[in-house]
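[1] quick one, structure for this:
(chains A and B)
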Protein chains: 2
Amino acid sequence: MNPEPVSRIVPGTAFQRPNHPLDPLTAAEIVQVSTLLKAQGPSNGLHFKAIGIIEPPKSKLRAFLSSEREGLKSAMLPRRASALFYHRGTSDLFLAEIDLGQKSVDKIEQLESRIHAQADIDEAVEIRDLCLAHPKVLEAIKKFKSVNSRGSSPVQISQERSIHCYIFARGKHPGSNHYDIPLPFAPVFNMESKKLVEIVTLPTGSGFETNEDATYAPHAAKEYHHELHGLGQRNDLKPLIVQQPQGVSFSVDGYLITWQKWRFRLDFNWREGMVLHDVTYDGRELFHRLSLCEMFVPYGDPRYPYSRKSVFDVGDIGAGVAANNLALGCDCLGVIKYFSFAVTNSFGDPVERPNAVCMHEIDDGIGWKHTNSRTGAVSIVRSRVLVLQSIITVGNYEYIFMWHFDQAAGLHYKIQATGILSTAPIDPGTTVPWGTNVNEGVMAPFHQHVFCLRIDPCLDGDNNSLIEEDSVAMPFDETNPFGVGYVTEKRLLSTSGHSDSAPNRVHKIINPSRINKASGRPVAYAIHSPMKQMLLAHPDSWHGKRAKYAHHPFWVTAHRDKELYAAGDYTYQSLPDGKSDLDAWAARGDKTEDTDIVVWHSISLTHNPRPEDYPVMPCDTMTVSLKPSGFFEQNPALDVPQSKQSTNGSRLVEDKALVAAVEERSSHTRDSRL
Amino acid sequence: MNPEPVSRIVPGTAFQRPNHPLDPLTAAEIVQVSTLLKAQGPSNGLHFKAIGIIEPPKSKLRAFLSSEREGLKSAMLPRRASALFYHRGTSDLFLAEIDLGQKSVDKIEQLESRIHAQADIDEAVEIRDLCLAHPKVLEAIKKFKSVNSRGSSPVQISQERSIHCYIFARGKHPGSNHYDIPLPFAPVFNMESKKLVEIVTLPTGSGFETNEDATYAPHAAKEYHHELHGLGQRNDLKPLIVQQPQGVSFSVDGYLITWQKWRFRLDFNWREGMVLHDVTYDGRELFHRLSLCEMFVPYGDPRYPYSRKSVFDVGDIGAGVAANNLALGCDCLGVIKYFSFAVTNSFGDPVERPNAVCMHEIDDGIGWKHTNSRTGAVSIVRSRVLVLQSIITVGNYEYIFMWHFDQAAGLHYKIQATGILSTAPIDPGTTVPWGTNVNEGVMAPFHQHVFCLRIDPCLDGDNNSLIEEDSVAMPFDETNPFGVGYVTEKRLLSTSGHSDSAPNRVHKIINPSRINKASGRPVAYAIHSPMKQMLLAHPDSWHGKRAKYAHHPFWVTAHRDKELYAAGDYTYQSLPDGKSDLDAWAARGDKTEDTDIVVWHSISLTHNPRPEDYPVMPCDTMTVSLKPSGFFEQNPALDVPQSKQSTNGSRLVEDKALVAAVEERSSHTRDSRL
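    Purely as a prediction, here's the structure:
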């Protein structure tokens, strides 16, 4: 049986012709790839897992981008794509490389049997439907006296390509919170045969014991949807509207974006979602490529089957695949530019990801200020920030990913976690030390989210190094007679490897041969990120072996073209082979001093749920800042115009006349209030 | 000679009658205090250092506030004030307590001679003028072949009440950056006799040596003022206007503020500036009193006289005294409420601090979001935040202090550092390991800012405790057979003392006898603050002895009414007496379990200057968050209305017609552009 695709193609902007080597793959190119491959495939057809662009080799790309920035015309670099697919209904997995210009298949390679492709939505829905129609599952549900049961949350297990279904009961409302009724058993399906392997009874007590005869104890629901939670809605929140009467300050040419001395290219692929290329400020090169290259979500419940619960949300699913369709006035406020992209479904048809990235400006408070105390002269500028945002839904969780560009040459990567906690059933009156009860019979296990930001720098060129810099108290002796002195100590990572955090330790990317004229020291960008606990799973556990990048916050490797993903190319039920992940690349001991390096930053969020995170979680925000640290000779935001009331049009609360006038003019907003 | 006051009284809102025990001191009350005391004083008059309110004893205040919240009418509590003053021209320092209702002086006490009052602006200006008119200083300036020299930055030294003047040359423009021309000598004046004590030659080489015959080597200036820096102004930044056509969502009754289930009282005094009292959310008590109670800025240059360079900006100067007059559209965008307050000058005259606190709402991105993958139903709310802001100028530096109230019952204290780096002269071509050269001949020494946030909690009442909570991996054994489990471990601070940070360690204030029905654990608020290096000065150095609070990030004490300031009441040239500061109070070993406690959080910013921080520094931001952590049974922001385009009125970049229409309507903003 060939199932029908769940996701269907929507024509849109993603169909335009590419006119740059780094333009995202178009819908037409996806069709081209799948058509070429289907022509060669077996009669049963192909099950496509991914179609993605193969970016040009960095050596060629750097030359192209450099010419382009100088205004020179270069020949378009060849566009190439890769496709990952099964022969449908088998576990035979193939990787193909296609030349889009030549319309030719360059290579088709069958991958080792230990490698599995990521989950896809068509397959997940198919398994969900099979699961919920399976007689033994229905019997288990019946036995459990369950209400109308639906919903599944796949988690991979074992070495056979398999899927683990958690079952939840739901209400009829489209916003009903089925995570509030987790059932205490989990069917496991083989993904090749689509057969039920077993039904695992979940532990629901304070320890490892299971209870085959658990019965359903109804509890008062906790709902997040406004029509269901029963709290009504606050009626005292007045509208706040952001206007840019003269339009926006950025300009867009295809995927080339310029704003306030910044210039960069936006890109998007099925796996990493948003990617930034060729980032410069005031004409100086900063970053060749920036992306979220992986994330891992392991759970801290030690009991089987939860011990296997973990997802590489980027490698196992895809941040591009999971991207939300962003909505004006909801996901973004102000004057907004949206970008849409194309990914593939399992049939090789392009599927649009409409409005997957939004871009707009925000006011971010004061940029800098000084009052000359002697004369009373006030100098002040506000901080305007350019925001690029993408939001993904991965089952229960939502992640908001943002790049914030500021006017002082700072670039900030913000991650917000929201959505719904992963839940598990627990016997009433019971608690566990590895989770928090969030409703009667509902436990949310402790877990971590370890993101990996891949930073390919080019500070004034490719020859860069990574250093650690610590602030160190001087000894209280004749060199420091008053005991107050302190200095900085630097350690250069001259060969590939990792580096840990320490309070106030700053990791800096430097160009050792470019000296800042003011400070006399090499030009540098610092990576500011709060010190966090890294992966809590044991290094010898499967989690520890599969997500080695998550053991240390900073890594440096010598650049190689195909080393893009910290946990390797294939993460689904991955078995480490000791050569395909960041840990292996770092262990090579390549020279990383004054050369073309890649810096990898693993950002860890340890999330021990609060009741306040349920039934939907207020955003929890993490920020990593890339800030010039002796890259410029003075404040790069000096020339931002003085902040003025005449431009900013603020109002006093007391100014009733003005407020009334505005109210009249804006009566459309009043009429449409909730 | 009795100098004239530099700062003069401005009638304003600060003159209104107080109608609550916690209302800030009014101008009329300041007059009342100084008049009562002057009537008793010596013929030479009084030199007032501070006039502040004495808040009612907590026991009485708690009862009053509780009745008030229940809508009951209580008798007004007596208003009392304190005054700190010298007999003018002497070092005889007195503390008086005044009953404002009875119009009586309750007590006048002469303080020990080791105690000095803080600096004041009248005195600083007087010394500056004396300094720059002194023949020996003029001779030194002449010898140095200086240009028109002006400006002084006082720093205290030695045990006699004295002032240390650093001399800078300046241009004629009111925004000229005199910190760009630091001269290599520093006159020291006795503050009682107003006599020159000595002129210290500053070290300007790479070590401790000084050069008496240093000559002035002119360098290209680095200026921050728009008319001086020579860069012009960016002309591609389009206006961004925040409108609230239906007005604001907060309400103000005197100093009582309510907004989105929050209710609290705003207060302000000469020392701490902004203070919050009686903070509740949805009718539940959270914090009795919140304030920035101290900050210390020690410098890391080990050489005399810089080894003495350090300021307690709260205790030595006063965050209220130094508060800026905030300007509409510059310091705050949107619809703004301003508050003005009164402080005293050295003659006991009230001086207004107009617009010292501003309040407004901002949009802070997404509050929470979830898309039901099965049905596509999107639930999303935006996060509205109420901001209270105060900005102080302390010589070269600016600090922005903000409280951000969010809709999910989170309260965030934000500190931004901006303004100008403290600078020192350095020989051309020389570098030092404890500072960064920011211009030719100009060095900015490494330094720290250690703030102390005083948190007087009352989570569901006074009986609270402080705990540390760590996430700890389980041993990889039969209790954790897969090596993935982790749990939390808690440590209760049952007696007063301090607590250090660790990665992911969370400090929580709990009410042990109130159990959260969802989690089954005591209700709690967590203090989230990034882990930082604490004071780098040696504990046995003067800095280390004077700012003991800066050695540890968290402290807990049993509440006592007069224990308000972490480094003690008198910080100016303070000598530790082992009983008057936080370290001493914590050392008492008082019971701090399930009782009325105070939590002190020392927030450390280690600032090793970048050239990009000069000639004016882009804001560097630190955030401490007080977030419910099992205080509520579910997300407190569930009932925030769904975010809608019809209310939020965003626009597409492509929507030229709409943009044009708005442009026409808002032509006033275009005309007034820079």
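
[2] going forward, measure contacts between C-alpha atoms and count neighbours the same way
    Fine.

[3] which stretches of the stretch 551-674 of chain A aren't confidently modelled?
    A:655-674 (pLDDT under 70).

[4] in it, which spans are strands?
    Using DSSP state E, counting those that start in this stretch, the strands of the stretch 551-674 of chain A run over A:554-558, A:595-607, A:617-628, A:651-652.

[5] in JSON lines: those strands, plus distance to A:His20 and mean neighbour count.
    Listed next are those as JSON lines, based on distance: least, Cα to Cα, whole Å; neighbours: other Cα atoms under 10 Å in any protein chain shown:
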{"stretch": "strand A:554-558", "distance to A:His20": "27", "mean neighbour count": "25"}
{"stretch": "strand A:595-607", "distance to A:His20": "24", "mean neighbour count": "23"}
{"stretch": "strand A:617-628", "distance to A:His20": "27", "mean neighbour count": "20"}
{"stretch": "strand A:651-652", "distance to A:His20": "46", "mean neighbour count": "20"}
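
[6] can I get these in TSV with distance to chain B?
    Shown next, in TSV, are the strands of the stretch 551-674 of chain A (distance: least, Cα to the nearest Cα, whole Å):
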stretch	distance to chain B
strand A:554-558	15
strand A:595-607	7
strand A:617-628	5
strand A:651-652	5
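
[7] of all the ones you listed, which lies closest to A:Ala526?
    Closest to A:Ala526 of those is strand A:617-628 (Cα to Cα; 5.3 Å).

[8] show me what the closest one is packed against.
    strand A:411-419, strand A:522-528, strand B:350-371 (3 or more Cα pairs under 8 Å, 6 or more residues apart in numbering or on different chains; DSSP states H and E).

[9] so stretch A:323-338, near chain B or not?
    Yes: remark: stretch A:323-338 sits within contact range of chain B at A:328-337, by Cα under 8 Å from any Cα of the partner chain.

[10] among those, which ones are in strands?
    Those of those mapping onto strands are A:335-337, per DSSP state E.

[11] nearest to B:Gln233 among these?
    A:Val335 (23.7 Å).

[12] touching, the closest one and B:Gly649? I think so.
    No: the criterion here is Cα atoms under 8 Å, and A:Val335 misses it with B:Gly649 at 9.2 Å.

[13] so A:Thr418 bridges to which residues?
    Assessed by DSSP bridges, A:Thr418 has beta-bridge partners A:Glu398.

[14] that one reaches A:Tyr614, doesn't it?
    No: assessed by Cα under 8 Å, A:Thr418 is found out of contact with A:Tyr614, at 10.1 Å.

[15] what helix or strand is A:His404 on?
    If you go by DSSP states H and E, A:His404 is part of strand A:397-405.

[16] average pLDDT for that strand?
    Mean pLDDT, computed over strand A:397-405, is 98.

[17] now for that strand, which elements pack on it?
    So strand A:397-405, by 3+ Cα pairs under 8 Å, 6+ apart, packs with strand A:378-394, strand A:411-419, strand B:350-371.

[18] how close does the most far-flung residue of chain A relative to its centre get to B:Thr431?
    Going by Cα atoms, centre = their mean, the residue of chain A most distant from its centre is A:Glu478, 51.6 Å out. From A:Glu478 over to B:Thr431 the distance is 20 Å, taken as Cα to Cα, to the nearest Å.

[19] let me see the ranges of the strands in the stretch 401-550 of chain A.
    Using DSSP E, counting those that start in this stretch, strands in the stretch 401-550 of chain A cover A:411-419, A:424-425, A:435-439, A:442-445, A:447-457, A:463-473, A:486-492, A:497-499, A:506-515, A:522-528.

[20] want to try CSV for those, with mean pLDDT as columns?
    Formatted as CSV, the strands of the stretch 401-550 of chain A follow (pLDDT from 0 to 100):
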stretch, mean pLDDT
strand A:411-419, 98
strand A:424-425, 96
strand A:435-439, 98
strand A:442-445, 98
strand A:447-457, 98
strand A:463-473, 98
strand A:486-492, 98
strand A:497-499, 98
strand A:506-515, 98
strand A:522-528, 98
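
[21] so can I have CSV of the ones you listed showing mean neighbour count?
    Output for the strands of the stretch 401-550 of chain A, formatted as CSV (neighbours: other Cα atoms under 10 Å in any protein chain shown):
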stretch, mean neighbour count
strand A:411-419, 21
strand A:424-425, 25
strand A:435-439, 26
strand A:442-445, 26
strand A:447-457, 24
strand A:463-473, 21
strand A:486-492, 16
strand A:497-499, 21
strand A:506-515, 21
strand A:522-528, 22
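
[22] nearest to A:Val385, out of these?
    strand A:411-419 (9.6 Å).

[23] figure out which of the strands of the stretch 401-550 of chain A is closest to A:Ala584.
    Judging the strands of the stretch 401-550 of chain A by Cα to Cα, what sits closest to A:Ala584 is strand A:497-499, at 9.4 Å.

[24] rewinding a little: relative to A:Asn211, which of the residues of stretch A:323-338 next to chain B is nearest.
    A:Asp331 (43.7 Å).
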